[in-house]
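**Q** let me see the structure of the following:
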Amino acid sequence: MLYVKPDYYQKFKCTADKCEATCCAGWQIVIDEASLECYKELPGAYGEVLRERIDWEEGIFKQDACKRCAFLKADNLCDMFEHLGEDSLCVTCTNYPRHIEEFENVREITLSISCPEAASIILGREEPVTFCEEEVDGEDEEFEDFDPFFFSYLEDARKVILGILQNRSLDISVRAALVQRMAEEMQEIILEAELFELADVFEKYEDDAFLHHAVQAIEKELAQFHGADGDAFRYSKAIFGKLYELEHLSEEWEPYLEQCWELLYGEKAAGYYAVHKEFAAWCKIAPAQGGTKPCAVQGSDSTRSNGQDVPDFNLDIILEQLLVYFIFTYFCGAVYDDNIIGKVQMSLISVHILCEMFVAKWTEQHTLTRKDIERIVYRYSRELEHSDVNLELLEEARGLT
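**A** Predicted coordinates for the structure are as follows:
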């Protein structure tokens, strides 16, 4: 079995009671069958307590009125863990925030950005992500109806895509547009059942001459798209409006969307373009000569340079890390449904929405910190990535682009 993990994977350590948004509240924790069997047989007084706190019909831990797990104590530590140790935890509790994608003889593991600590690790790094591979003997699995030939092409495609996304000589919006075009070409080939032609697409998008001309064309298109005719405004409203069609997993989510909507689109196109222009200018603020450098310390509010707030983050790097995260996590899942363009569009749409939310937060408080960004990201991820329905709906939203 080949294990593939991002290079930051080993940096994660649960902050337990120090976590600002515990994973033991707000959503149901599904218990695997093996753990349920163990809980049924657990002897002693604590076994009785444990069984009383399980909803056996649904196979989940019970919650209180505040949607906190029945085992989550007032100090935000786990009562079961304290009484029975780590080995007593179910698979869900043991694995989170590890996100595992299973393929034939390949297991890909990353950290979910729905976890505040994982979001901090991923968004706090400045260097491009690399991925580590390790062969583990004796765990190979065969999947029914799995196409290893197609999967190999998807792996090759993902490497090309990640290379484009991490090409920092290009503007991040240009990188995203290149990836979208490549995905569209791949999808057309798949529909025509000519898989061997995929290799030609990879070769083309690694060719410097082709990329030079493609980038020039994309830059012209983007300039027109973001012009005064309102295309970017209408597109962003349509994309953001899609969030109202998704199932909402927390009660606070819809009011938050309403707040963002008013901040972003309440002043119509003119206000939208003005705010985005101001935000883009603010993000590019460089410390004046003799001033302080932008602070890279997690959680700092911002750094002052000659009396002016400056960002404690590089927005292009933040967006790059998010795109790499979504593509690495979901792209190769197209081996099961052939929906390459859906996986890519879900990734691009998600990062576009997150960027809009960053602008809304900046508009609200006239500054923005990396800690603000991390909170926005993990809240969004909790609504999207913990719902198969929501993931599928965003994959189907490609008609918006």
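
**Q** remind me which residues of the stretch 201-350 of the chain are low pLDDT?
**A** Scanning the stretch 201-350 of the chain with the threshold set as pLDDT under 70 gives 228, 230, 286-308.

**Q** show me how this structure divides into domains.
**A** Domain ranges of the chain: 24-95, 144-401, per automatic domain parsing.

**Q** highest average neighbour count across the ones you listed?
**A** domain 144-401 (a mean of 17; mean count of other Cβ atoms under 10 Å). For every residue, glycine as well, the C-beta is placed using N, CA and C.

**Q** circling back: TSV please, covering the domains of the chain and showing distance to residue 127.
**A** Formatted as TSV, the domains of the chain follow (distance: least, Cβ to Cβ, whole Å):
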stretch	distance to residue 127
domain 24-95	27
domain 144-401	9
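
**Q** nearest to residue 16, of the ones you listed?
**A** Taking Cβ to Cβ, domain 24-95 is the member of those nearest to residue 16, at 6.3 Å.

**Q** ok, residue 395 touching residue 345?
**A** Yes: at 6.7 Å, residue 395 and residue 345 qualify as touching, with contact defined as Cβ atoms under 8 Å.

**Q** mind listing the strands for this structure?
**A** For the chain, the strands defined by DSSP state E occupy 2-6, 54-55, 60-61, 98-103, 106-111, 131-135, 303-305, 308-310.

**Q** list the contacts for residue 13?
**A** Residue 13 makes contact with residue 117, according to Cβ atoms under 8 Å, 6 or more residues apart in numbering.

**Q** now the farthest one out in this protein, which residue is it?
**A** Ranking residues of the chain by C-alpha distance from their mean position (Cα atoms, centre = their mean) puts residue 44 at the top, at 42.5 Å.

**Q** ranges for the helices of the stretch 101-250 of the chain?
**A** For the stretch 101-250 of the chain, helices defined by DSSP state H, counting those that start in this stretch occupy the ranges 116-123, 148-165, 172-191, 198-205, 208-225, 231-241.

**Q** so which of these is nearest residue 7?
**A** Nearest to residue 7, of all the helices of the stretch 101-250 of the chain, is helix 116-123, at 10.7 Å by Cβ to Cβ.

**Q** got the angle between that closest one and strand 98-103?
**A** 70 degrees (axes from the mean of the first three to the mean of the last three Cα atoms, to 10 degrees).

**Q** relative to strand 2-6, how tilted is helix 116-123?
**A** Using the same axes, to 10 degrees: helix 116-123 against strand 2-6 is 80 degrees.

**Q** next, the contact list for the closest residue to residue 155 other than its chain neighbours, please.
**A** In space, not counting the residues next to it along the chain, residue 155 is nearest to residue 332; the distance is 6.4 Å by Cβ to Cβ, 6 or more residues apart in numbering. With contacts defined as Cβ under 8 Å, 6+ apart, residue 332 is in contact with 101, 103, 108, 151, 154-155, 158.

**Q** give me that answer again for 7 Å
**A** Shown in contact with residue 332 (Cβ atoms under 7 Å, 6 or more residues apart in numbering): 101, 103, 151, 154-155, 158.

**Q** and residue 249, by the same measure?
**A** Contacts of residue 249 (Cβ under 7 Å, 6+ apart): 27, 382-383, 386-387.

**Q** so among the residues you listed, where is pLDDT lowest?
**A** Among these, residue 27 carries the lowest pLDDT, at 85.

**Q** and the gap between that one and residue 323?
**A** To residue 323, residue 27 is 25 Å away according to Cβ to Cβ, to the nearest Å.

**Q** columns distance to residue 341 on top of the strands of the chain, output as CSV?
**A** Formatted as CSV, the strands of the chain follow (distance: least, Cβ to Cβ, whole Å):
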stretch, distance to residue 341
strand 2-6, 23
strand 54-55, 39
strand 60-61, 35
strand 98-103, 19
strand 106-111, 21
strand 131-135, 23
strand 303-305, 41
strand 308-310, 38
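
**Q** mean pLDDT for these: which is lowest?
**A** Across the strands of the chain, strand 303-305 gives the lowest mean pLDDT, at a mean of 44.

**Q** contacts only, for the residue lying closest to residue 51 once chain neighbours are set aside.
**A** Leaving out its chain neighbours, the residue that sits closest to residue 51 by Cβ to Cβ, 6+ apart is residue 39, at 6.3 Å. Applying Cβ under 7 Å, 6+ apart to residue 39 gives the contacts 50-51, 54.

**Q** for residue 350, state which of those residues is nearest.
**A** Nearest to residue 350 among the contacts of residue 39, with distances taken as Cβ to Cβ, is residue 54, at 34.0 Å.

**Q** any idea what that closest one is bridged to?
**A** Beta bridges link residue 54 to residue 61, judged by DSSP bridges.

**Q** model confidence score at residue 145, please.
**A** 81.

**Q** any idea how far it lies from residue 339?
**A** 16 Å.

**Q** now residue 363
**A** 35 Å.

**Q** what's the answer for residue 237, then?
**A** Distance from residue 237 to residue 339, by Cβ to Cβ: 25 Å.

**Q** swap in residue 142?
**A** From residue 142 over to residue 339 (counting by Cβ to Cβ), the distance is 23 Å.

**Q** repeat that for residue 150.
**A** Distance of residue 150 to residue 339, given as Cβ to Cβ: 12 Å.

**Q** then residue 180?
**A** From residue 180 to residue 339 the distance is 14 Å (Cβ to Cβ).

**Q** my read: residue 25 touches residue 68, true?
**A** Yes: using Cβ atoms under 7 Å, residue 25 makes contact with residue 68 at a distance of 4.2 Å.

**Q** now the top helix by length along the chain and helix 231-241, what's the angle there?
**A** Using DSSP state H to define each element, the chain has its longest helix at helix 340-365. Counting by the same axes, to 10 degrees, helix 340-365 lies at 100 degrees to helix 231-241.
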